[in-house]
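J.: My questions are about this predicted structure, shown below with the sequence.
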Amino acid sequence: MKAELIEVLGSDARVVDAARVSFSKDSSNYTEEQNTRLISYLARHNHFTPFTHVQITMREKVPIFVARQRFKHVVGWTYNEVSRRYVDDPPEFYVPDAWRLKSENKKQGSSDETVEEPRFTWGHDPYDYEEVLNLCHEYYHQLLKAGVAPEQARMVLPQSMYTEYYATGSLYAWANAYKLRSSDYAQKEIRDLAEQWNEIIGGIPELKNSWRALIVKETT
């Protein structure tokens, strides 16, 4: 899985300016320390609108089952996804490092324990996960070769197939998504994606104060 930063529109100064416009002021009227303290105050007291004036676009490549969880975040977001109605490039599939045991807690989909990958027999042939993927891929290829429209041929491709999309959201929307998807209750695969968001946005110098304030709700 991969998240790639495409564009950032705005900065800590944009957040401060949006907040101080109420008094017809902007960040230039105050010291850096005062502006940093204001950002922390805004985050701590859930004054979210100044943070929505910063927009971030990323391109993400994830398995379909992760993308479907991702797209549940709709407020403050815009998505555009690759479509296999028009694309018939060879699909790529996600292969997990390990198979996790089901959790006894219904709110938690899996535990930290792992289980050996099962094999099943169909006819006289044993199959594992990657062999099943190969069967799906081959049948998809045969459908296309027979002239079947890509929009129908794609039906045989599993949820482990990678998809790609552009995701644009406000800084506040990214912070909310990160906090939800980095939770222990989130599926491991989307937690891994969320950690990439944190590394990327947390590494943008112009947003270091706003991102940190939104994530940890500093009390300074």
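T.: Yes, it's here. Source: prediction; values computed, not measured.
J.: how distant is the helix or strand hosting T168 from the center of its chain?
T.: T168 is part of strand 162-170 when elements are defined by DSSP states H and E. The chain centroid and the centroid of strand 162-170 are separated by 7 Å, computed with C-alpha atoms, centre = their mean, to the nearest Å.
J.: With stretch 52-60 instead?
T.: Per C-alpha atoms, centre = their mean, the centroid offset for stretch 52-60 relative to its chain is 12 Å.
J.: Pull the residues that contact that stretch.
T.: Residues outside stretch 52-60 that contact it (C-beta atoms under 8 Å, 6 or more residues apart in numbering): 1-11, 14-15, 18, 67, 70, 76, 164-174, 193, 197, 200-201, 207, 210. Glycine gets a C-beta too; all of them are placed from N, C-alpha and C.
J.: Try it again at 6 Å.
T.: With contacts defined as C-beta atoms under 6 Å, 6 or more residues apart in numbering, stretch 52-60 is touched by 3-10, 14, 18, 166-168, 170-172, 174.
J.: Return the members of these classed as buried.
T.: Buried residues within the contacts of stretch 52-60, counting neighbours by 16 or more other C-beta atoms under 10 Å: 3, 8, 10, 14, 18, 167-168, 170-172, 174.
J.: Mind putting those residues into JSON lines with pLDDT and distance to N35?
T.: Output for the buried ones among the contacts of stretch 52-60, formatted as JSON lines (pLDDT from 0 to 100; distance: C-beta to C-beta, whole Å):
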{"residue": "A3", "pLDDT": "98", "distance to N35": "29"}
{"residue": "V8", "pLDDT": "98", "distance to N35": "18"}
{"residue": "G10", "pLDDT": "97", "distance to N35": "14"}
{"residue": "R14", "pLDDT": "97", "distance to N35": "11"}
{"residue": "A18", "pLDDT": "96", "distance to N35": "12"}
{"residue": "A167", "pLDDT": "98", "distance to N35": "28"}
{"residue": "T168", "pLDDT": "98", "distance to N35": "26"}
{"residue": "S170", "pLDDT": "98", "distance to N35": "19"}
{"residue": "L171", "pLDDT": "98", "distance to N35": "16"}
{"residue": "Y172", "pLDDT": "97", "distance to N35": "18"}
{"residue": "W174", "pLDDT": "98", "distance to N35": "21"}
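J.: Identify the farthest-apart pair in those residues.
T.: A3 and A18 (25.9 Å; C-beta to C-beta).
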